[in-house]
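Participant: A predicted structure for the sequence below; I have some questions about it.
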Amino acid sequence: MRTGNAAWRPTGATVAISDDVLVVGGGVAGVAAALAASDRADVRLISHKQSTLRSASGLVDALGYTPDGEGPLVDPFDAIGDLPEGHPYERVGAAAVREGFALFDDAVGDTYRGSHTDRNALVPTHGGTVKPTARYPASAAAGLASDRRDALLVGFEALTDFDAPMAASHLDAAGVPFDARGVTVRFPGDFRADAKVTRYAHALDRDEDLDGTPARTALAEAVKAHLGDEERVGFPAVLGDDDPAGVRADLGADLGADVFEVPMGPPSLPGLRLEDRLYEALAEAGVRVESGNPAVDVEGDGDRVRAVYVDRGRRKVPYHADQFVLATGGLVGKGIDSDREGVREAVIDCHVPHPADRYDWFEEDAFGDHAFARFGVDVDRDLRPLSADGSIDYENLRAAGSALGGYDFAAEKSGGGVSLATGYAAGDAAGAAAAGAADETAIHGDTQ
Ligand SMILES: Cc1cc2nc3c(=O)[nH]c(=O)nc-3n(C[C@H](O)[C@H](O)[C@H](O)COP(=O)(O)OP(=O)(O)OC[C@H]3O[C@@H](n4cnc5c(N)ncnc54)[C@H](O)[C@@H]3O)c2cc1C
């Protein structure tokens, strides 16, 4: 029996938990894996904490730049075939990338746009840069940089993360095919200076009375005085949490212009909305979801994982399954851990290739090509983690998402897409293997 990181052994009574497929990790990759496996298998998803979605913009990128920095790419699929060996897209192939995005489109329905084309959309972000991305929230649709209509960007005095005049001048400097102008207004009502983005969103959702006027009308009034000939108006992404479409429609009707949201940094309301939608899809697919406790160790039996152990405070509980998917994230999500001694995968202790000398992990230039950005587990083309000698760790364990090495999601703009493609591929293979095992047991049972 091979064991993972922790020195402890489970003690006392254990609860019998057994599923066809166990997915560890509740980010985009884990959700995609669970949904893909759920067609053919009973699936449980366990996650320690919330995923990086609460920090991410809510945009889902496929590939915006090549690993050599060429781009922005018009069509990511033109470049996927040329990616280097070991890149997650090279491992799973372009068909899995398409399947991963198709699974996403099914899960999110009309709350997202971009599925009508392979080409990247260009979405303005809060810093005034234009980002190549594959899927964007419906709330950002009227803001695309390919749209030639002039745009007014509106910032709020208390939300200093979005400096609308600066963002507008950056867009102009980037050469967008429209005039962008930015203004800063006071959000109506009496909000604390450090109010959370959800506070603004809920005031608009509920159309709260602010200064004696319903919130949506009051905000439109505050903006009207600044609106010129622009046909579209962009706000920071705080326009409703439960009813963003209704908030945009009312603001648009009052302003006589299309309204859009500009994706923001953390905490990201579009990211949280996306997380809600994905978890609704898990519930609809019948996936059992548990969160709040970390997986901490593995029990192996020869070349198979028998159980992953979850630390429930006083007890370490074994979670048995036929197939396992590791989707615990990278250095940000805590799936990959580093200290002075080195870099390791935190649950199973899968091998993470990295230079022995820590000085080789970084470049001096902050925007340089840092090796650490590509740290993660190496996998075969079936996404099974590989040991230092290139052999497969366990035949029923697959890894997905930013736990994988060989790509720099921030530089390439490929984070969400890699999670969808590898999550889909890992979950699909795990579901098929579990279904095959169940069939074999049934046949075996019949002949006995
Ligand atoms: C600031 C920021 C902005 C980003 N912006 C974009 C963007 O605009 N577009 C884009 O496409 N991508 C973006 N990304 C990248 C994108 O969020 C990630 O690439 C992708 O979603 C990673 O998903 P994941 O499921 O692999 O991992 P994560 O999102 O990291 O999720 C990992 C999950 O595993 C759980 N977990 C970790 N350890 C354990 C454990 N021991 N036991 C149980 N569960 C565990 C975590 O709690 C979490 O639920 C951004 C990322 C960041 C950090």
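Facilitator: That came in fine, so what should we check first?
Participant: please enumerate the strands of the stretch 151-300 of the chain.
Facilitator: 151-156, 180-185, 209-210, 213-214, 232-236, 258-262, 288-291, 295-301 (DSSP state E, counting those that start in this stretch).
Participant: ditto for the stretch 301-448 of the chain
Facilitator: Counting by DSSP E, counting those that start in this stretch, the strands of the stretch 301-448 of the chain are 304-311, 316-326, 336-339, 342-345, 397-399.
Participant: returning to that earlier point: nearest to Arg44 among the strands of the stretch 151-300 of the chain would be which one?
Facilitator: The closest of those to Arg44 is strand 288-291. By C-beta to C-beta, the value is 4.4 Å. (Glycine included, C-beta is placed from N, CA and C.)
Participant: who does that closest one pair up with?
Facilitator: The pairing partners recorded for strand 288-291 under DSSP bridges are strand 43-47 (parallel).
Participant: alpha carbons of the partner strand, as PDB, please.
Facilitator: In PDB, the C-alpha atoms belonging to strand 43-47 read as follows (Å, rounded to 0.1, in the frame of the first residue of the first chain):
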ATOM      1  CA  VAL A  43     -20.700  11.100  -8.600                       C
ATOM      2  CA  ARG A  44     -19.600  12.900  -5.400                       C
ATOM      3  CA  LEU A  45     -17.800  16.200  -5.400                       C
ATOM      4  CA  ILE A  46     -15.900  17.300  -2.300                       C
ATOM      5  CA  SER A  47     -14.300  20.700  -1.800                       C
END
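Participant: residues contacting it, please?
Facilitator: 17, 19-27, 30-31, 34, 37, 282, 285-291, 293, 295, 308, 310, 319, 321, 427, 431 (C-beta atoms under 8 Å, 6 or more residues apart in numbering).
Participant: quick one on the thing from earlier: winner for burial among the strands of the stretch 301-448 of the chain?
Facilitator: Compared across the strands of the stretch 301-448 of the chain, strand 397-399 shows the largest average neighbour count, a mean of 29 (mean count of other C-beta atoms under 10 Å).
Participant: what helices and strands are in contact with it?
Facilitator: Packed against strand 397-399, as judged by 3 or more C-beta pairs under 8 Å, 6 or more residues apart in numbering; DSSP states H and E, are the following elements: strand 316-326, helix 415-447.
Participant: is the first one in proximity to the ligand?
Facilitator: Okay, so that is strand 316-326. No: Strand 316-326 stays clear of the ligand (C-beta under 6 Å from any ligand atom), getting no nearer than 9.1 Å.
Participant: if we can go back for a sec, I'd like the helices and strands packed on strand 397-399 as CSV, with mean pLDDT appended.
Facilitator: Output for the helices and strands packed on strand 397-399, formatted as CSV (pLDDT from 0 to 100):
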stretch, mean pLDDT
strand 316-326, 97
helix 415-447, 88
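Participant: columns distance to Glu221 on top of the strands of the stretch 301-448 of the chain, output as a markdown table?
Facilitator: Formatted as a markdown table, the entries for these read as follows, by distance: least, C-beta to C-beta, whole Å:
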| stretch | distance to Glu221 |
| --- | --- |
| strand 304-311 | 53 |
| strand 316-326 | 51 |
| strand 336-339 | 49 |
| strand 342-345 | 54 |
| strand 397-399 | 52 |
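Participant: turn the strands of the stretch 151-300 of the chain into TSV, including mean neighbour count and distance to Ala201.
Facilitator: Below are the strands of the stretch 151-300 of the chain laid out as TSV (neighbours: other C-beta atoms under 10 Å; distance: least, C-beta to C-beta, whole Å):
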stretch	mean neighbour count	distance to Ala201
strand 151-156	25	12
strand 180-185	20	17
strand 209-210	16	14
strand 213-214	17	15
strand 232-236	25	10
strand 258-262	24	10
strand 288-291	15	23
strand 295-301	20	33
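Participant: re earlier: give me the buried subset of the contacts of strand 43-47.
Facilitator: Among the contacts of strand 43-47, the ones that count as buried by 16 or more other C-beta atoms under 10 Å are 17, 19-27, 30-31, 34, 37, 282, 285, 287, 289, 293, 295, 308, 310, 319, 321, 427, 431.
Participant: list the buried residues for stretch 112-125?
Facilitator: 112-114, 118-125.
Participant: quote the end-to-end distance of that stretch.
Facilitator: 17 Å (C-alpha to C-alpha, to the nearest Å).
Participant: looking at the buried residues of stretch 112-125, which is nearest the ligand?
Facilitator: Here the nearest of those to the ligand, counting by C-beta to the nearest ligand atom, is Thr125; it sits at 8.0 Å.
Participant: for Leu45, see how far away that closest one is.
Facilitator: 30 Å (C-beta to C-beta, to the nearest Å).
Participant: same question for His170.
Facilitator: 40 Å.
Participant: okay, those two: which has more neighbours?
Facilitator: Between His170 and Leu45, counted using other C-beta atoms under 10 Å, Leu45 has the larger neighbour count: 27 against 19.
Participant: tell me the secondary structure at Ala79.
Facilitator: helix (DSSP: H, G, I helix; E, B strand; the rest coil).
Participant: you'd agree it is up against Leu63?
Facilitator: Yes: the pair Ala79 / Leu63 is scored as a contact, 5.9 Å apart, by C-beta atoms under 8 Å.
Participant: the more surrounded of those two?
Facilitator: Using other C-beta under 10 Å as the criterion, Ala79 and Leu63 rank with Leu63 on top: 30 against 20.
Participant: and Pro294, how many residues sit next to it?
Facilitator: 18.
Participant: now Asp82
Facilitator: Neighbours of Asp82 using other C-beta under 10 Å come to 11.
Participant: contacts only, for it.
Facilitator: So Asp82 contacts Thr66 (C-beta under 8 Å, 6+ apart).
Participant: could you say which helix or strand holds Glu21?
Facilitator: That one is not Glu; residue 21 is Val. For Val21, the enclosing helix or strand under DSSP states H and E is strand 17-24.
Participant: list the strands paired with that strand, with their directions.
Facilitator: For strand 17-24, pairing defined by DSSP bridges yields strand 43-47 (parallel), strand 316-326 (parallel).
Participant: residues touching stretch 273-293, excluding its own?
Facilitator: 19, 26, 28, 31, 34-35, 38, 42-51, 53-54, 58, 60, 106-109, 111-112, 137, 241, 244, 310-313.
Participant: check stretch 206-223 too.
Facilitator: Against stretch 206-223 from outside (C-beta under 8 Å, 6+ apart): 152, 154, 183, 185-190, 202-204, 233, 247, 250-251, 254-255.
Participant: shouldn't Tyr31 be in contact with Gly423?
Facilitator: Check again: residue 31 is Val, not Tyr. Yes: counting by C-beta under 8 Å, Val31 touches Gly423, with 7.0 Å between them.
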